[in-house]
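In: sequence plus the predicted model coming up.
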Amino acid sequence: MSSKAPLLEVTGLKKYFQVGGKDILKAVDDVSFQIMPGETLGVVGESGCGKTTCGRTCVGMYKPTEGKVLYNGKDVHSLKGAERKAFSKDVQIIFQDPYASLNPRMTVAEIIGEGMDIHHLYTGKKERQERIGELLRMVGLNQEHANRFIHEFSGGQRQRIGIARALAVEPKFILCDEPVSALDVSIQAQIANLLIRFQRELGLTYLFIAHDLAMVKHISDRVAVMYLGAVMELADSEELYSHPMHPYTEALMSAIPIADPDIETDRKRIVLEGDVPSPINAPAGCKFQNRCSRAQECCRQKAPELKEVAPNHFVACHFAGETEL
Amino acid sequence: MSEQNEKKEINKNQPLLQVEDLRVSYYTYAGEVQSVRGISFDVKQGEIMAIIGESGCGKSVTARSIMSLIRKPGKIKEGSKILFDGKNVAAMTKKELSKYRGGECSMVFQDALVALDPTMRVGKQIMENLCIHGWSKKDAKEEAIRLLGAVGIPNAERRFKQYPFEFSGGMRQRAMIAMAVACQPRLVIADEPTTALDVTIQAQIMELLKKLRDEDGTSIILISHDFGVVAGFADVITVMYAGKIIERGTKGEIFYEPKHPYTWALLGAVPRLDWKNKQELRTIRGTPPDLVAPPKGCPFAKRCELCMNVCLEEEPPVKAFGEDGTHSAACWLYAEDAPQEVLEKAKKFAFTRGGRTNEQ
Amino acid sequence: MNSKTNSVKLPASERYAFVDQETLQGDEVVRKNIGYWADAARRFYKNKVAMFFLVILVVMIIMSILGPIISGKDYITIAGGEKNIAPNSKYWFGTDSMGRDLFARAWVGLRASLLVAAVASVVQLVIGCLYGAIMATVGGIVDEIMMRIVEVLSCLPNLILVTLLLVVFGNGYIQLLFALSFSSWTGTARLVRGQLLKLKESEYVLASKALGSSNAHRIVKHLLPNTVGLLILEMAQAIPSVIFSESSLSFLGIGLMPPNFSLGSMLAQGQTAMAFYPYQLVVPCVLLSLLVLSFNVIGDALRDALDPQLRN
């Protein structure tokens, strides 16, 4: 895979928002990563860490304050005309809230067909209808659902309709923005399985954003852990799980509840003190320093850079790799 | 220590809360939604009971019924019984109810931002509850500050004077817990107390609730959709589906010997860090039934991997397992006259540690 | 959770046979498939009070067209010999101080009030919509400036503004319509702007954008259909308030001038003879109250029927 060129290349991405006059909210603060074709990059972090902003900037919905996003070698934010249109066919989004992301006045067929209409992906009415039926079957629904309005569907069913809408234009890259967070447990698994299956069958590339480390680890090949707009750690998902190097990753991992009482009762938790600071006034130096148990003077002075500590394992911590955690 | 144990032992024999054949319906434009369809359970003194289920399964409606908080268009149906310490909650007078709510039984809501009054100082809201239950203003204020400190809010004195929006999500949830426990209730109902919070905060809140039981012997009903949250916490677990209890048992029984196919599926649906990457998760096809028109047989039948003819036609019998009768499930797989091969097939599908076993 | 004993038991082998998984429909949707408008209509029909007032309103509208024909009396010419006659079998509502048939006059007055209200609220809606849509779609400095204009306009006291306009431009239908719609559209403009801004940020519009849709496509497919309900509500609220304004103006003598008249000017006339001939005041009063009440009740019912937050 390494021989191929990356599908998406993000370098030095910054996205600042001006809030209430002078304050600047640094939603994304110098983030770089690459995604190879056919790969899933997971982004995990708590609310307010900038993961959604980062994802949306990557697919061209927001203009970055600084930095570049290259899709297939082309700058996403300066695409024009036909290239722009081709990009919007290649890159799709699956949203978090299945209630807000579907137009309540449209039928299922209209929703799924919208992208096909825009990109003229069929030759006749019959082909359109057949394709919609096929997409519905792919996500486990059936033809009879096509003419229904969406307000009688459950959250899980709606999310599957949202996936069918994204797949309708035969995309290559999908931004999954917390696609399972709003769903029930059994439905989360349904959606996760669907996403994994479509990746295998259609060769899709995902940027998978979520706050649930277990789910991100499960779906992704590589995982980036974000905190206050910056990437703290980036590694293969198995490697990240077996050798977390950043204290924040460790705390995050130890906080995940495990559905096994024996493990759960014996387990030692790293309980982080306090709450995530507001991204408007993030601490100086390392962003995690005020909640970190290992923080030293140098952490308050200088922000650590994301460096490769082990092969393909990047960590932004002054002490990474020095001592075994 | 031993004295405390003894005290608990005596109390444990008599249930604090008894719910019998609770039925709740909501009368909406679409028709009668039968949210809770005849459930019965007990909660003992000092026990933590978890109710697990997906959205719309009736778990929150159950909690509200216990607090007598069902409002129009909802209605608790005739024949339902909720006894708190032997007293019928439905028959309480207004005065008794106001003593009961917040005094003997209180609730922690999922979304503290909605549950707290945004125009009132946090401390005042805690004081209010105390004052209703007969505290003097001065004592109430001291107690409120003590409580804020006790739930782990630093600078309690300063925080006392702040408004809910000045609190972070985790702090708000702590404040709400302080409010709920202010009058030392005997039962606290926590309705998804950590769902709106980040994982790192979630752990803190669960610790806090657990401390409450260990120190004061408060009974807790924890409502959740997440088996992970419950694992280190609950004594007894009740699994609800489509307005019914489909399985209940002690923590060990539910986690290590689950009997109902729905419980298997739920346990297998949450990915764990120690599972193989991208391995297929155990899922349940489809969607829970619409309770406007509940199915006539087992509500889970149409999504069950082991659906039998009888499941679609008749409601399953409740079968007790083991000797002490703590574990029971409502499933046709365990019916007395079911043939042997049914049980054998069930064993093959059953959930075991480590994930999916029925790899095809 | 009781197991019911089944009278006709299948043999155990069949009872406990596993069902073919393919035949099970786990995604069944049992509720009726019903669109937004059909659902709204159903809710509206269920509201008995609103239906009652809808019937009353329809009857009043029909009467405003047919009323003068039914009575067949001259309601314009002054008839000196038949002044101030109390209601009787010839003059159902009696006659006024100039001997004109009140029955016919009442319906004609109602017609004028309704016409003014309908036209003024349509004008208000159209201007408000366009203005609001421009603010929302263009944004930036244009939005800022247009918003300030709206603020200034809505600061001015309505009645004084309307009075001034009428004094300057004179009386008549056109002037009255102009005066009534001159400042009332600002509320509509704000409403439309807010709704469109909200919709523009909604996830389904973002999704449509991600699919590569054009601006026009998004407006037609997403923005408009989700604003129509709101506009109907706005209309339902605007009509009664315009009726009131018009009546007040005519009552004060600065609205419609003779020979034109509306319920308002009839009220003014009736009020002068109130002590001796109360029916001259009662007739237009009752009609006006019924009219406004019907619109208000129907407006409330529409809100219940159309508001997405009240669904389910």
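Out: Perfect, I can see it now. The model shown is predicted, which means the values in this text are computed figures rather than measured ones.

In: give me the element the closest residue to chain A within the stretch 151-300 of chain C is part of.
Out: Going by CB to the nearest CB, chain A is nearest to residue C:212 of the stretch 151-300 of chain C, at 3.0 Å. In short, each C-beta sits where N, CA and C put it, glycine included. Assigned by DSSP states H and E, residue C:212 belongs to no helix or strand.

In: for it, give me phi and psi.
Out: Torsion angles at residue C:212 (phi, psi; degrees, to the nearest 10) stand at phi 90, psi 20.

In: again, but for the one 10 residues further on
Out: Residue C:222 adopts backbone torsions of phi -120, psi -50, taken as degrees, to the nearest 10.

In: circling back to that earlier point, separation between the residue of the stretch 151-300 of chain C closest to chain A and residue A:93?
Out: 12 Å (CB to CB, to the nearest Å).

In: what residues does the stretch 201-312 of chain C have near chain A?
Out: Where the stretch 201-312 of chain C comes near chain A, counting by CB under 8 Å from any CB of the partner chain, the residues are C:202-204, C:206-214, C:217, C:221-222, C:225-226, C:308, C:311-312.

In: give me the buried subset of those residues.
Out: By neighbour count, with 16 or more other CB atoms under 10 Å in any protein chain shown, these hold C:202-204, C:206-213, C:217, C:221-222, C:225-226, C:311 as buried.

In: tell me where chain B has strands.
Out: Counting by DSSP state E, the segments of chain B that form strands are B:15-28, B:31-44, B:48-52, B:74-76, B:81-84, B:87-88, B:105-108, B:187-191, B:219-224, B:236-241, B:244-250, B:318-321, B:327-330.

In: low-confidence stretches in the stretch 201-325 of chain A?
Out: Low-confidence segments of the stretch 201-325 of chain A (pLDDT under 70): A:322-325.

In: could I get the strands of chain B as JSON lines with mean neighbour count and mean pLDDT?
Out: Listed next are the strands of chain B as JSON lines, based on neighbours: other CB atoms under 10 Å in any protein chain shown; pLDDT from 0 to 100:
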{"stretch": "strand B:15-28", "mean neighbour count": "19", "mean pLDDT": "92"}
{"stretch": "strand B:31-44", "mean neighbour count": "20", "mean pLDDT": "92"}
{"stretch": "strand B:48-52", "mean neighbour count": "26", "mean pLDDT": "94"}
{"stretch": "strand B:74-76", "mean neighbour count": "18", "mean pLDDT": "91"}
{"stretch": "strand B:81-84", "mean neighbour count": "18", "mean pLDDT": "92"}
{"stretch": "strand B:87-88", "mean neighbour count": "12", "mean pLDDT": "90"}
{"stretch": "strand B:105-108", "mean neighbour count": "24", "mean pLDDT": "91"}
{"stretch": "strand B:187-191", "mean neighbour count": "24", "mean pLDDT": "93"}
{"stretch": "strand B:219-224", "mean neighbour count": "25", "mean pLDDT": "93"}
{"stretch": "strand B:236-241", "mean neighbour count": "25", "mean pLDDT": "95"}
{"stretch": "strand B:244-250", "mean neighbour count": "25", "mean pLDDT": "94"}
{"stretch": "strand B:318-321", "mean neighbour count": "16", "mean pLDDT": "90"}
{"stretch": "strand B:327-330", "mean neighbour count": "24", "mean pLDDT": "93"}
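
In: no more questions from me, cheers.
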